[in-house]
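Asker: Sharing a model that was predicted from the sequence below.
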Amino acid sequence: MGVSRPPLRVLVAGSGAREHALAWACRRGGDQVEIICAPGNGGTAGFATNVPVAADDPAGMVRAAREHDVALVIVGPDAALAAGVADACMAAGIAVFGPTAAAARIESSKTFAKLVMDRAGIPTARWRAGTVAQRHALLGFVEELEGRCVVKADGLALGKGVLVCDDVSAARAAIGACIDEQRFGSAGDTVLVEERLEGPEVSVLALTDSRRLRLFPAARDYKRIGDGDTGPNTGGMGAVTPPAGVDDALLARVEGDVLRPCIDTLAAAGTPFSGCLYAGLMLTADGPRVLEFNARFGDPETQVLLPVLGEDVLALLLDCAHGDLAAGRVARRAQSSAVGVVLAAAGYPASPRRGDLIEGLEGLGPSSAADGDVLAFHAGTRRHPDGTLRTEGGRVVTLVARGERTEEAREHVYGAVGRISFAGMQHRTDIGRGQDAGSNIAGNDSTATASNTTG
Ligand code: AMP
Ligand code: GLY
C-alpha cells in the first residue's frame, strides 16, 4: 500500500474504429494503463498518445515500442500482420498480440487458407485456384458449378476482392477482371473459384496462444452498403452481438470443427498462430461452412464485442502474447447485446470525400464508460487546425449502444445516429433488426427455439 506502481504502457498499431475500441478497452484498467497509438485517429487523440508511425512499418513499430517502453504491442490491421510487424516485435524481444506473417497467411492468401482447411478437414466450399495459365481448368470448374460460384482474388484486397456470380458469363467476366484486367492488382494474380453457398453469415472470433482457445460471443457484420444487404460490398457498415440463430451448441461445434483443427494444423506446419483467429462462417442447411479466416480482430465486430465483455481484455491479450491463455469462453456482462452502426462519408465505398464538418459527435463516449452511454469509435475523423472535427476517410465512426436485448441497443444507437450529421453521411437503418425475435442466443438460457434470420 502507498507504493505507486509505474503504469503499464501498451502500443496499439492501426488507425480504425477497431483500434479505437481496443485502446478504449485496454484503458478500462484506468490510470494504471497508458496507451500509445500508431498512428491512431481523432478519437484516440482524446485519451492516448498518437505517434506518427504507420501501422505496417515493422521497424518504426519496434522503435516506438522501445521509446515508450511498452509491455505489449497489439496489432490491429491485416496489412500490418502481413508486413511482419509481429515478427519484428518478437525478434526484438517485445511482447506482441498478433500472429507472424507466416501464420497470418491464413488471411493474406486465400489459397493457403483453403489448403489448410482441406488438410485439417474443416468444412468449406469446394474450390479451385489458378493463375492465367490455368484459365481452362478454372472455367471447367465454373461449368461444373453451372456458374453459381464466387470468384476471389487470392491476396488482400480490402475485403473487396470477392465477386459473387449467378451464371457462367458473369463468372467468366469475374475471372477476366482478376487475371486480365488486374482489378485487384497483384492480389488477383492467383484467382479462386468457389462453390456458392447459401445461408446467414456469422463471425466467430477467438483468442489463442496457439494452443488454447478462448471464444468471444458470436457476432454478425453487415457488409453491403445498403439496407437489406443491397449495393456494393464495403469494409463493414455495422455489427450486432449476439446474432440470432447462434447458440452454445453451434459455438462448440465451430470450436471443434473449425478453430481447433485450424490452430493445430498451423502449429504442425511450423507456423503456430497466436492472436485473434476469426472464422467468417455461412450457416448452410448442411451446417456451418468457413467462407474465410481472418488473422485479427474483425472491424466492425470488435466495436460491439469489446463493450459487452465482462473481463479485462488487456489481461487476456497479455496472456496470449505470453503463451499463457486459459481456455474457454470470454465472459459477458449483464448488458450483453450490442449494436454498432457505421457512419460513412459521402462517396463511400467508391471514392469517399474528405473534409466535411461533423456535428453532434463531441461529447459522445467512450471517454466515460457508463452503461447507458453510446460509444463513438472513430476511424476517418480528423481534428483540423481550426478546432473542427472533419471527415477524413470512408468509414468515419462506429456508434455502439448496449442493452439487455438487441432491440433495446438498436433503439438507443439509432437515437444517437439521428443527432450526428455531416454532408453526404451514409448509414444503414437495419443493423440488428430482428436479431432478438425467436432467437436462441448463445450463453442465454432462454428456452426459445432457434431460428435463422438472414442478417
Ligand atoms: P470473404 O472475404 O471470403 O469472406 O467474402 C466476402 C463475402 O462474399 C462473404 O461475406 C460472403 O457474403 C460472400 N462469399 C464469400 N464466399 C462465398 C461462398 N462460397 N458462397 C457464397 N457467398 C460467399
Ligand atoms: N468484418 C469483416 C472483417 O473484419 O474482415
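Answerer: Happy to help now that I have it. All values derive from a computational prediction rather than experimental measurement. Ligands and ions are numbered 1, 2, ... in the order given.
Asker: now the strands: where do they sit in the stretch 351-455 of the chain?
Answerer: 375-378, 381-383, 389-391, 395-403 (DSSP state E, counting those that start in this stretch).
Asker: Of all those strands, which one is nearest ligand 1?
Answerer: strand 395-403 (16.5 Å; CB to the nearest ligand atom). Backbone N, C-alpha and C define where each C-beta goes, glycine included.
Asker: Partner strands of the closest one and their direction?
Answerer: Next to strand 395-403 in the sheet, as set by DSSP bridges, lie strand 337-344 (antiparallel), strand 375-378 (antiparallel).
Asker: does ligand 2 sit close to the first one?
Answerer: This points to strand 337-344. No. Strand 337-344 stays clear of ligand 2 (CB under 6 Å from any ligand atom), getting no nearer than 10.5 Å.
Asker: Give me the average confidence score over that strand.
Answerer: The average pLDDT within strand 337-344 is 98.
Asker: buried ones in that strand?
Answerer: 337-344 (16 or more other CB atoms under 10 Å).
Asker: Then stretch 260-269?
Answerer: In stretch 260-269, counting by 16+ other CB under 10 Å, buried: 260-263, 265-267, 269.
Asker: which among those residues gets closest to ligand 1?
Answerer: residue 262 (15.1 Å).
Asker: what's in contact with the helix or strand containing the closest one?
Answerer: Assigned by DSSP states H and E, residue 262 falls within helix 260-268. Identification of contacts with helix 260-268 by CB atoms under 8 Å, 6 or more residues apart in numbering yields 103, 106, 116-117, 119-122, 208, 210-211, 213, 272-273, 277, 279, 293.
Asker: which among those residues end up buried?
Answerer: Using 16+ other CB under 10 Å, the buried members of the contacts of helix 260-268 are 103, 106, 116-117, 120, 122, 208, 210, 213, 272-273, 277, 279, 293.
Asker: looking at the strands of the stretch 351-455 of the chain, which is closest to ligand 2?
Answerer: Short answer: strand 395-403, nearest of those by CB to the nearest ligand atom, at 11.0 Å.
Asker: Could you pull up the contacting residues of residue 119?
Answerer: Contacts of residue 119 (CB under 8 Å, 6+ apart): residue 265.
Asker: is the helix or strand where it lies up against ligand 2 anywhere?
Answerer: Per DSSP H and E, residue 119 falls inside helix 110-120. No. Helix 110-120 does not reach ligand 2 (CB under 6 Å from any ligand atom); its nearest approach is 12.7 Å.
Asker: next one: that helix to chain centre, how far?
Answerer: Centre-to-centre, helix 110-120 and its host chain are 20 Å apart (CA atoms, centre = their mean, to the nearest Å).
Asker: could you give me the average pLDDT of stretch 430-449?
Answerer: Stretch 430-449 comes out at a mean pLDDT of 57.
Asker: go on, stretch 358-367?
Answerer: pLDDT averaged over stretch 358-367 gives 78.
Asker: and the residue in the chain that ligand 2 sits nearest to, what is it in contact with?
Answerer: Proximity of the chain to ligand 2 (CB to the nearest ligand atom) peaks at residue 298, 3.6 Å away. Applying CB under 8 Å, 6+ apart to residue 298 gives the contacts 18, 203, 205, 219, 221, 236, 239, 278.
Asker: and it, how far is that from ligand 1?
Answerer: Residue 298 sits 10 Å away from ligand 1, going by CB to the nearest ligand atom, to the nearest Å.
Asker: How about residue 78?
Answerer: Residue 78 is 11 Å from ligand 1, by CB to the nearest ligand atom.
Asker: before we move on, what about residue 25?
Answerer: Applying CB to the nearest ligand atom, the value for residue 25 to ligand 1 is 25 Å.
Asker: Give me the distance from the helix or strand hosting that residue to the chain's centre.
Answerer: Element membership of residue 25 [criterion: DSSP H and E] is helix 17-26. Offset of helix 17-26 from its chain centre (CA atoms, centre = their mean): 12 Å.
Asker: on contacts alone, who are the packing partners of that helix?
Answerer: Helix 17-26 sits against strand 8-14, strand 33-39, helix 301-305, helix 313-321, strand 375-378, strand 395-403, with contacts defined as 3 or more CB pairs under 8 Å, 6 or more residues apart in numbering; DSSP states H and E.
Asker: CA-only coordinates of the shortest one in CSV, if you can.
Answerer: What follows is strand 375-378, C-alpha atoms only, in CSV (Å, rounded to 0.1, in the frame of the first residue of the first chain):
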residue,chain,number,x,y,z
LEU,A,375,-19.8,4.7,-27.6
ALA,A,376,-18.4,6.5,-30.6
PHE,A,377,-15.4,4.8,-32.0
HIS,A,378,-13.6,7.0,-34.6
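Asker: Would you mark the buried spots in that strand?
Answerer: 375-378.
Asker: ok, those residues vs residue 147, which is closest?
Answerer: residue 377 (40.1 Å; CB to CB).
Asker: Just give the closest residue to that closest one, not the sequence neighbours.
Answerer: Nearest non-adjacent residue to residue 377, counting by CB to CB, 6 or more residues apart in numbering: residue 17, 3.8 Å away.
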